[in-house]
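Engineer: please find the sequence and the predicted model below.
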Amino acid sequence: MKFVKSTRKDAEEDDGSGSGRTYTVPALEKSLDVIEFLAVQDQPVSQSGIAQSLGRSASELFRILTVLNRRGWITRLKDDSYQLSSRLFELAHGYPPNKRLIDVALPLMRALAGELLQSCHLSVADQGEMLVILGVESPGQAGLFVRSGTRYEFASTASGRVMLALGYAELLNSETTGKAERRPARGDLAARLEQIRMRGYEEVVGEWLDAVVDICWPIFNVRGEVAAVLAMPFLAVPALGQDVATARDRVRAVAEEISRAIGAGDYQRWLDEVRQKDRSQKERPSS
């Protein structure tokens, strides 16, 4: 069981309006504490376990758990333990920007997975991390599937580096670019990001598993910003009858089609602008 620091504040807080007024809603704070706690648990947790972790009494949380269960935010299992439901995930997917992207991408990604017999997934930047908002499993007998809702650091994954290189370079000095034990050395990371900017995509062999080639292309929005990254963990085995070059071209084509569908227009234009911006920064004289 993972322990998390409660966000509960015993003291009243200012409402932020500058009026000096303060408000507290104890029941709401307890409910949010429970949701945030269950969100990071790998296994269901009993009522007493939740109470102990949050510094509350079991009786204090009984009505909170009952209401959250009735409203569908958490699920009570047969052994009277609790886990987070899919409610938050469903609400996030219903939020207009992600919903539009998912609606457009899903049929195209399903067709891509069916054509190449490989899994693929779509990730966005969210609160200092990459978040997988859509995963499509390979219809074949083998494949590496990344499920929706998975989070990972920017610098330690191929999708995250595409986001860093083409859209979120300001995060290079942030601790959110990857855990220390998995984060590439600064010089190595800078070289990899420069390579991504020059060719417009990331492709890396065996970063997490042997025989897997991660192929990642950006998805642009109408302003030429990287809205998401389309990734295929390509399982390079002869039995699937596919080659990396074909997969690279097909992933790019689908990323371009998704981009056009959400208003990006000329996909190649945005890739060229990224390269030109990088070239201009290098040619700029240092002060």
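Structural biologist: Here it is on my side, so go on.

Engineer: now the helices for the chain?
Structural biologist: With DSSP state H, the ranges of helices along the chain come out as 26-38, 47-54, 58-70, 87-94, 96-116, 158-166, 186-199, 244-261, 267-283.

Engineer: now the angle from the second one to helix 26-38?
Structural biologist: Spelled out, that is helix 47-54. Inter-element angle recorded for helix 47-54 and helix 26-38: 100 degrees (by axes from the mean of the first three to the mean of the last three Cα atoms, to 10 degrees).

Engineer: still on that earlier bit, out of the helices of the chain, which one sits most buried?
Structural biologist: Using mean count of other Cβ atoms under 10 Å, the stretch among those with the greatest mean number of neighbours is helix 158-166 (a mean of 27). Quick note: C-beta positions are derived from backbone N, CA and C, even for glycine.

Engineer: who's in contact with it?
Structural biologist: With contacts defined as Cβ atoms under 8 Å, 6 or more residues apart in numbering, helix 158-166 is touched by 123, 125, 130, 152-155, 171-172, 177-178, 189, 192-194, 196-197, 200-204, 207, 214-218, 226, 229, 231, 274.

Engineer: what's the neighbour count on the closest residue in space to Ala211 that isn't next to it in sequence?
Structural biologist: Take Ala211 and drop its neighbours on the chain: the residue closest to it by Cβ to Cβ, 6 or more residues apart in numbering is Ala236, 5.2 Å away. The local packing count at Ala236 equals 16, with neighbours defined by other Cβ atoms under 10 Å.

Engineer: show me what contacts Ala236?
Structural biologist: If a contact means Cβ under 8 Å, 6+ apart, then Ala236 has 205, 211-213, 244 as its contacts.

Engineer: ok, and the most crowded of those?
Structural biologist: So for the contacts of Ala236 (other Cβ under 10 Å), the most neighbours sit at Val213, 19 neighbours.

Engineer: list the contacts of it.
Structural biologist: Shown in contact with Val213 (Cβ under 8 Å, 6+ apart): 203-206, 233-234, 236, 244, 247.

Engineer: 10 Å instead, please
Structural biologist: Remark: with contacts taken as Cβ atoms under 10 Å, 6 or more residues apart in numbering, Val213 is in contact with 118, 158, 203-207, 232-236, 244, 247-248.

Engineer: likewise for Ala58?
Structural biologist: Under the criterion of Cβ under 10 Å, 6+ apart, the contact partners of Ala58 comprise 46-52, 65.
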